[in-house]
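Chemist: Pasting a predicted model and its sequence here:
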Amino acid sequence: MLHIWMNDQQKKIIIIMMICHKPWGVTARCPAVCECPAEPPVCPPGVSSVSDRCGCCKVCAAQLNQDCSPARPCDHHKGLECNYGNDRLICVFSAKSEGRTCEYNGRIYQNGESFRAGCKHQCTCIDGAVGCAPLCSNKLPPASPSCPYPRLVRIPGQCCFTVDCNKGTCQPAYRLWSPLKENKCAVQTTDWSPCSRSCGMGVSSRLTNKNPQCKMERQTRICTIRPWTERDLNEGMRQTQTGTIKGKTCSPTEKVAEPIHLSYGECVSIRLYRPNYCGVCTDGRCCSPRRTRTVPVTFACPDGERFQRLSMLIQSCKCSKNHHGVIAISLYMA
């Protein structure tokens with residue numbers, strides 16, 4: 001029998017290596033035979049539908065601090081990855097996740113993390129800024145046949161007011177009747193944040209409640225400040241020199257000669273696009289987008305998956321002291 005003597009430090013290293021390389025549990029392994037529901041899953045608002053790591057089915061992605069496995073991967077669209085924490089696998093923000101943290105009431109929140117501020121507000125950390133949306137509605141709904149005399153009442157133990165449809169003391173002849181109509185949402189939207197990367201494709205985000213639930217949520221779009229490859233960068237610089245520069249403004253240059261497919265990881269856009277660049281300013285300042293618009297771009301992946309991402313399109317450029325990048329790229333559909 002072979003005896004190997006180790007000191008306490010070596011034993012600790014071996015134990016740590018065994019923990020870090022702990023295999024997936026029995027319940028987390030891929031099934032021998034794929035069995036998927038006939039209909040794709042209906043995920044809650046803000047939760048992505050992704051392919052599982054077993055190559056079987058579409059599933060609702062696990063969110064921050066939720067359990068994860070090959071059958072239920074983390075939401076990579078939000079920068080989450082499966083990581084071993086304590087005695088289970090949970091979703092955490094990856095080290096490469098972009099964006100600044102937020103401090104709120106003495107606590108630190110990661111970029112993209114959602115949290116409750118009391119019982120009346122749902123908040124989200126967006127690149128150093130905290131945006132909150134109300135969870136309670138204090139608006140009296142319009143009268144309807146099912147609730148002709150609505151009123152707001154507070155129930156002990158509950159945070160929000162509740163609509164009471166019991167008949168009041170006023171006579172119907174003296175009650176104001178409102179026709180049944182849809183309760184409209186007051187849309188609130190912040191400006192798009194600067195692109196997260198100065199080279200290659202990045203992400204820009206904003207907060208908006210323009211959705212069927214009228215709840216504040218994080219909306220993202222892809223953006224490119226300058227080309228990633230050296231060839232594209234040289235081509236962009238060459239074309240920038242031919243651009244028209246007038247005084248303290250800058251104009252878009254010529255489109256590239258050949259339309260290209262946009263890339264998003266291993267996936268490419270179905271349609272062709274022609275990147276167009278903003279020029280450089282004569283006084284040394286950076287030429288950056290002045291006006292942009294956002295359009296959906298459909299991407300196709302090698303495994304057959306298709307999805308849409310919002311993309312930034314530059315409409316005009318300006319000279320600015322904010323150096324978000326030397327060259328800004330705009331996408332025009334071919």
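Modeler: Structure's in. What do you need? What you see is a predicted model; the values in this text were computed from it and never measured. Numbers count the residues shown, from 1 in each chain.

Chemist: where does this structure dip in pLDDT?
Modeler: 1-29, 45-46, 84-86, 94-99, 127, 167-184, 197-200, 225-256, 275-281, 322-334 (pLDDT under 70).

Chemist: Residue ranges of each domain in it, please.
Modeler: Split into domains by automatic domain parsing, the chain comes to 48-97, 102-135+186-219, 225-333.

Chemist: Put together JSON lines for those, with mean neighbour count and distance to D164 on each row.
Modeler: The C-beta positions use only the backbone N, C-alpha and C, and glycine is treated the same way. Below are the domains of the chain laid out as JSON lines (neighbours: other CB atoms under 10 Å; distance: least, CB to CB, whole Å):
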{"stretch": "domain 48-97", "mean neighbour count": "17", "distance to D164": "35"}
{"stretch": "domain 102-135+186-219", "mean neighbour count": "16", "distance to D164": "19"}
{"stretch": "domain 225-333", "mean neighbour count": "16", "distance to D164": "42"}
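
Chemist: Turn these into TSV, including distance to C147.
Modeler: Listed next are the domains of the chain as TSV, based on distance: least, CB to CB, whole Å:
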stretch	distance to C147
domain 48-97	34
domain 102-135+186-219	20
domain 225-333	38
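
Chemist: now for those domains, which one comes closest to P37?
Modeler: Nearest to P37 among the domains of the chain is domain 48-97 (7.3 Å), distances taken as CB to CB.

Chemist: Would you map the helices across the stretch 201-334 of the chain?
Modeler: 230-240 (DSSP state H, counting those that start in this stretch).

Chemist: how about the strands of it, start to end?
Modeler: Ranges of strands in the stretch 201-334 of the chain, per DSSP state E, counting those that start in this stretch, are 201-208, 217-224, 245-246, 249-250, 263-264, 267-269, 273-277, 286-300, 306-320, 329-333.

Chemist: Would you format the ones you listed as TSV with distance to V130 included?
Modeler: Formatted as TSV, the strands of the stretch 201-334 of the chain follow (distance: least, CB to CB, whole Å):
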stretch	distance to V130
strand 201-208	10
strand 217-224	12
strand 245-246	40
strand 249-250	34
strand 263-264	28
strand 267-269	32
strand 273-277	35
strand 286-300	23
strand 306-320	22
strand 329-333	30
